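Enquirer: The sequence and its predicted three-dimensional model are supplied below.
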Amino acid sequence: MKIAILPGDGIGPEIVDQAVKVLNALDEKFELETAPVGGAGYAAHGHPLPEGTLALAKAADAILFGAVGDFKYDTLERALRPEQAILGLRKHLGLFANLRPAILYPELAGASTLKPEVVSGLDILIIRELTGDIYFGQPRGVRECPDGAFKGQREGFDTMRYAEGEIRRIAHVAFQAAQKRDKRLTSVDKANVLETFQFWRDIVTDVHKEYPDVALDHMYVDNAAMQLVRAPKRFDVLVTGNMFGDILSDQASMLTGSIGMLPSASLDANNKGLYEPSHGSAPDIAGKGVANPLATILSAAMMLRYSLGRPEQADRIENAVKAVLKQGLRTPDIYEEGTTKVGTSQMGDAVLKALAQ
Ligand code: IPM
Ligand code: MG
């Protein structure tokens, strides 16, 4: 089985290195091939998603992705910015289902900014539609304002849209994920204001007929944002569109104390997937050896589970991560008094050691 390794920018390379060490330490050997992406792709080939990188991603059975983005590239025109790499991969590979779990490890309860009783035992799964919505809707751009009080001025605009089939397929993913968990699904929308999301609500309600064992509720996105900090444990699985999912998944991640702990999977219709930490490239700490590699290591575990059909290897990695947390090892982002501060590669080595035990 072939895995495309796309480290990207900022802390991407150093955290991906740790996950690669872990993959190489498993009993089963995988063929790993690395290619530049994001700012690194632009630097090497003049494009954030170079042709060779896209070809490798298409040919591979799964993709391990670090992170993209760096201040250096912020002044490039939009089409050449690092973010276009991840958006392009999602679109070209049809990775429409983004799974972002937010799990609070008991050892890290103190790292959350919320009261322990609000977050202890938290285990929720956000399912974000990833290839539609206002992210990809056409037309978009800057034009002359056609009407209203600002007629004739320049205006920026984007298009929010969801096709029926797009909503149906993500709804199926969400109901099926809920069936494997606590059988509760919350669909997040803005049906009170947006046509797109009234339609979303109607279609999700219709798909629900095929999953009578799952309890479905609908929630407006503003209320969902509030409930996520007020009583996050009321949720099991949330499903929402691309834009709302982007925002809510960052919010949910911080319930757990550190975004540095959270993996994610982006799957196509056949469970081929791209796996990446939920956090970004953090260029401010890049190269300092302090980044938390656990989200990337846990992303590799998700890859083994969802795309490579090796759930037992995934369990091994997840247990090794739990073991290092139990040993009290912490990168600076999750450090608390009384624990042991370690760097990126020390954390990777500790996971390797736990894996061998
Ligand atoms: C994410 C990121 C991306 C997104 C950016 C980097 C384009 O924020 O994966 O959540 O908005 O989807
Ligand atoms: Mg985001």
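Expert: That came in fine, so what should we check first? Ligands and ions are numbered 1, 2, ... in the order given.
Enquirer: what's the distance between whichever residue of the stretch 251-357 of the chain sits closest to ligand 1 and Pro146?
Expert: The nearest approach of the stretch 251-357 of the chain to ligand 1 comes at Gly280, 6.6 Å away (CB to the nearest ligand atom). Every residue, glycine included, has its C-beta placed from N, CA and C. According to CB to CB, to the nearest Å, Gly280 stands 36 Å off from Pro146.
Enquirer: Figure out the helix or strand that Ser149 lives in.
Expert: For the record, residue 149 is Ala, not Ser. Counting by DSSP states H and E, no helix or strand carries Ala149.
Enquirer: circling back to that earlier point, more neighbours, Gly280 and Pro146?
Expert: Gly280 (19 against 10; other CB atoms under 10 Å).
Enquirer: The residue lying closest to that one once chain neighbours are set aside: how many residues sit nearby?
Expert: The spatially closest residue to Gly280, leaving aside those adjacent along the chain, is Ala67, at 5.2 Å (CB to CB, 6 or more residues apart in numbering). Close neighbours of Ala67, defined as other CB under 10 Å, add up to 31.
Enquirer: thinking again about what came up before, where does the residue of the stretch 251-357 of the chain closest to ligand 1 sit: helix, strand or coil?
Expert: coil (DSSP: H, G, I helix; E, B strand; the rest coil).
Enquirer: Would you agree it is in contact with Gly66?
Expert: No - at 10.0 Å, Gly280 and Gly66 do not qualify as touching, with contact defined as CB atoms under 8 Å.
Enquirer: Quick one: residues contacting the closest residue to Val68 other than its chain neighbours.
Expert: Nearest residue to Val68 in three dimensions, chain neighbours excluded: Gly38, at 2.8 Å (CB to CB, 6+ apart). Gly38 makes contacts with 8-9, 12, 48, 67-70, 73, 82-83, 85-86, 281, as judged by CB atoms under 8 Å, 6 or more residues apart in numbering.
Enquirer: Can you tell me which of these are buried?
Expert: Buried residues within the contacts of Gly38, counting neighbours by 16 or more other CB atoms under 10 Å: 8-9, 12, 48, 67-70, 73, 82, 85-86, 281.
Enquirer: remind me which residues of the stretch 151-300 of the chain are low pLDDT?
Expert: Of all residues in the stretch 151-300 of the chain, none has pLDDT under 70.
Enquirer: Near ligand 1, which residues of it? Just list them.
Expert: Asp246 (CB under 6 Å from any ligand atom).
Enquirer: mind redoing it with 8 Å?
Expert: Residues of the stretch 151-300 of the chain that fall close to ligand 1, judged by CB under 8 Å from any ligand atom: Asn242, Asp246, Ser249, Asp250, Ser264, Glu276, Ser278, Gly280.
Enquirer: got a list of what the last one touches?
Expert: Neighbouring residues of Gly280 by CB under 8 Å, 6+ apart: Gly10, Ala67, Gly69.
Enquirer: Among those, find me the one that's closest to Ala174.
Expert: Ala67 (25.7 Å; CB to CB).
Enquirer: got a list of what that closest one touches?
Expert: Ala67 is in contact with 8-12, 15, 38, 276-277, 279-282, counting by CB under 8 Å, 6+ apart.
Enquirer: 10 Å instead, please
Expert: 6-13, 15-16, 37-38, 82, 86, 276-283, 286, 291, 295-296 (CB atoms under 10 Å, 6 or more residues apart in numbering).
Enquirer: Which of these fall in strands?
Expert: Leu6, Pro7, Gly8, Glu276, Pro277 (DSSP state E).
Enquirer: My guess is Lys2 contacts Leu64. True?
Expert: No - between Lys2 and Leu64 there is no contact under CB atoms under 10 Å: 11.3 Å.
Enquirer: Looking at those two, which has the bigger crowd around it?
Expert: Using other CB under 10 Å as the criterion, Lys2 and Leu64 rank with Leu64 on top: 25 against 13.
Enquirer: Quick check: which element contains the more buried one?
Expert: Secondary-structure assignment from DSSP H and E places Leu64 in strand 62-67.
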